[in-house]
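Peer 1: Here is my input, please return the structure:
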Amino acid sequence: MNKVTTKEIDLIIIKEIIQNNFKKIFRFVGVVFIFAIAYCLIATPIFTASVIINPPKLSDSGSGLSSILGGTMSIIGVTGSAMLKTDQDMSMAILKTREVQDQLIAKFNLIKYYKAKNIENARDILSKKTDIKSDMKTGFLTIAVNDSSPQLACKIANYYTVALGNLISRIGFDQAANRRKFFQEQAEIAKHQLLIAQNNLTNFAKEHGVTGGLQTNIITGISTQLQAQLAASQSQLRTMQSYTTQNNPDYIRLKEQISSLKLQILEMNGVGDNIEDNSIPSNLAPELSEKYKGLIIEFTFREEVYKIILRQYEVSRLDEVSDSKPLSIQVIDNAVIPLHKSAPKRLLIIIISIILSLVFASLYYIFMNYSKYSNKN
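Peer 2: Got it, this is the predicted structure:
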């Protein structure tokens, strides 16, 4: 007789235990099977509605929205915004913000529908019912909403696109409103300074008998225009520092413009003051001529600053009106009312229940009887 190994004896014991307790194991599996069937019959059916969108170009360097949103994410409920690189990343982050969720909760009265204790509880439930995925190949986003009501799931999924556009527009509108307010204030200051310079020049002309009117005496020089543009740009840069980051494309562009203006002014040194000699009356004493020339340059400078800021103010007003309109999100495939439930998956639940109950019952009887059978053998 060949010698039987320990491993073979173990397998023989296990087989014997399972054979002797087969009916008990089968009964246990049967009970679990019945419970699984009952659960599948009484479980609330869940329907899934999905909408596919092409995310807006938030990371486009020309739009500047990337920097604006980057500095706003922590306020509206997203952390780690510095890690957001692509349009999909930023759009997914925005879709998960409190403000977007609150729009949906208010629109469909989800606190009452979910029987939530408060708005935070409603946000948690909505988050669990929403699945947002990105397709790396196409760059599209899929927003899937699960609910026992197929109609509501469809409505919520489609409204996510509206809420996304509303929030992005609101952020852009706030930025445009800040620019408009800044240029409005600067225009008022520039106008006041222009009036002072004009009064000084007018009073000097009356006091010393200068004739010919301001239009014939004031020659706008290139250097004066550059200095005016530089002053306006520097003032705008200081204000931008209060509401944006140094990574904002507009901020970087403005710094480059200031550097360019400074270089041009330096290159023009020694060319002359760009005020024609015939614009200074010959009957004035030398010191008065210099003072008169200085008043003309000051007036010209203030006038140019005012014109530049006024143009920027008008542009900012148009931007504010444009940004006040909700951003239209490009929808690739609208959500439709689902006809078939997505959960519970009855067949999968039954199969898993049978497998798990069979494994659990077998292990239980093996563990409980192994010592007894091994001693007997």
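
Peer 1: For this protein, which segments count as helices?
Peer 2: Using DSSP state H, the helices found in the chain span residues 6-20, 22-42, 65-70, 73-76, 87-95, 98-108, 110-113, 119-129, 150-208, 213-217, 222-240, 249-267, 286-323, 346-376.

Peer 1: Worst mean pLDDT across the helices and strands of this structure, which element?
Peer 2: Ranking every helix and strand in the chain by mean pLDDT, DSSP states H and E puts helix 213-217 at the bottom, with a mean of 43.

Peer 1: okay, and for this protein, where does confidence drop off?
Peer 2: Where the chain drops to pLDDT under 70, the residues are 1-9, 59-85, 173-174, 176, 209-228, 239-240, 242-244, 264-286, 319-328, 373-377.

Peer 1: go with 50
Peer 2: For the chain, the stretches flagged by pLDDT under 50 are 1-7, 9, 60-64, 66-68, 70-84, 212-220, 269-279.

Peer 1: gap between residue 237 and residue 186?
Peer 2: In this view, residue 237 and residue 186 are 12 Å apart by C-beta to C-beta, to the nearest Å. Where C-beta positions appear, they are placed from N, C-alpha and C, glycine not excepted.

Peer 1: Could you check which of these two has the larger neighbour count?
Peer 2: Using other C-beta atoms under 10 Å as the criterion, residue 237 and residue 186 rank with residue 186 on top: 21 against 15.

Peer 1: thought the more buried one was touching residue 232?
Peer 2: Yes: assessed by C-beta atoms under 8 Å, residue 186 is found in contact with residue 232 at 7.5 Å.

Peer 1: Need the overlap of contacts for the two.
Peer 2: Common contact partners of residue 186 and residue 232 (C-beta atoms under 8 Å, 6 or more residues apart in numbering): residue 309.

Peer 1: and residue 143, how many residues sit next to it?
Peer 2: By other C-beta under 10 Å, the residues close to residue 143 number 24.

Peer 1: before we move on, what about residue 256?
Peer 2: Using other C-beta under 10 Å, residue 256 has 10 neighbouring residues.

Peer 1: And it, how close does it get to residue 305?
Peer 2: Residue 256 is 20 Å from residue 305, by C-beta to C-beta.

Peer 1: which residues does residue 193 contact?
Peer 2: Residue 193 makes contact with 302, 305-306 under the criterion C-beta under 8 Å, 6+ apart.

Peer 1: hmm, try it at 7 Å
Peer 2: Residues in contact with residue 193, defined by C-beta atoms under 7 Å, 6 or more residues apart in numbering, are residue 302.

Peer 1: coming back round to it: now tabulate the helices of the chain in TSV and tack on distance to residue 141.
Peer 2: As requested, these are exported to TSV (distance: least, C-beta to C-beta, whole Å):
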stretch	distance to residue 141
helix 6-20	51
helix 22-42	32
helix 65-70	16
helix 73-76	17
helix 87-95	6
helix 98-108	13
helix 110-113	22
helix 119-129	16
helix 150-208	9
helix 213-217	60
helix 222-240	31
helix 249-267	24
helix 286-323	23
helix 346-376	27
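
Peer 1: Tell me which of those helices lies nearest to residue 332.
Peer 2: Smallest distance to residue 332 across the helices of the chain (C-beta to C-beta): 10.4 Å, for helix 150-208.

Peer 1: Leaving out the residues flanking it, which one is nearest to residue 44?
Peer 2: Excluding the flanking residues, the one nearest residue 44 by C-beta to C-beta, 6 or more residues apart in numbering is residue 148, at 5.1 Å.

Peer 1: Could I get the phi/psi values of that neighbour?
Peer 2: The phi and psi values for residue 148, taken as degrees, to the nearest 10, are phi -70, psi -20.

Peer 1: Neighbours of it, how many?
Peer 2: 13.

Peer 1: same question, residue 361
Peer 2: When counting by other C-beta under 10 Å, one arrives at 21 neighbours for residue 361.

Peer 1: repeat for the one 10 residues further on
Peer 2: Look at residue 371: counted by other C-beta under 10 Å, it has 10 neighbours.

Peer 1: And it, how close does it get to residue 363?
Peer 2: Using C-beta to C-beta, residue 371 is found at 15 Å from residue 363.

Peer 1: Over to residue 15?
Peer 2: With distances taken as C-beta to C-beta, residue 15 is found 14 Å from residue 363.

Peer 1: now residue 118
Peer 2: Separation of residue 118 from residue 363 (C-beta to C-beta): 45 Å.

Peer 1: And residue 316, how far from residue 310?
Peer 2: Using C-beta to C-beta, residue 316 is found at 11 Å from residue 310.

Peer 1: So which of these two has more stuff around it?
Peer 2: Comparing residue 316 with residue 310 by other C-beta under 10 Å, the one with more neighbours is residue 316, at 19 against 16.

Peer 1: my guess is residue 186 meets residue 235, correct?
Peer 2: Yes: at 5.9 Å, residue 186 and residue 235 qualify as touching, with contact defined as C-beta atoms under 7 Å.

Peer 1: In contact with residue 337, which residues?
Peer 2: Taking C-beta under 7 Å, 6+ apart as the test, what residue 337 contacts is 49, 150-151, 154.

Peer 1: And for residue 39?
Peer 2: residue 349.

Peer 1: got a list of what the residue lying closest to residue 21 once chain neighbours are set aside touches?
Peer 2: Spatially, and ignoring its direct neighbours in sequence, residue 21 is nearest to residue 365 (4.3 Å; C-beta to C-beta, 6+ apart). Residues in contact with residue 365 (C-beta under 7 Å, 6+ apart) are 17, 21, 24-25.
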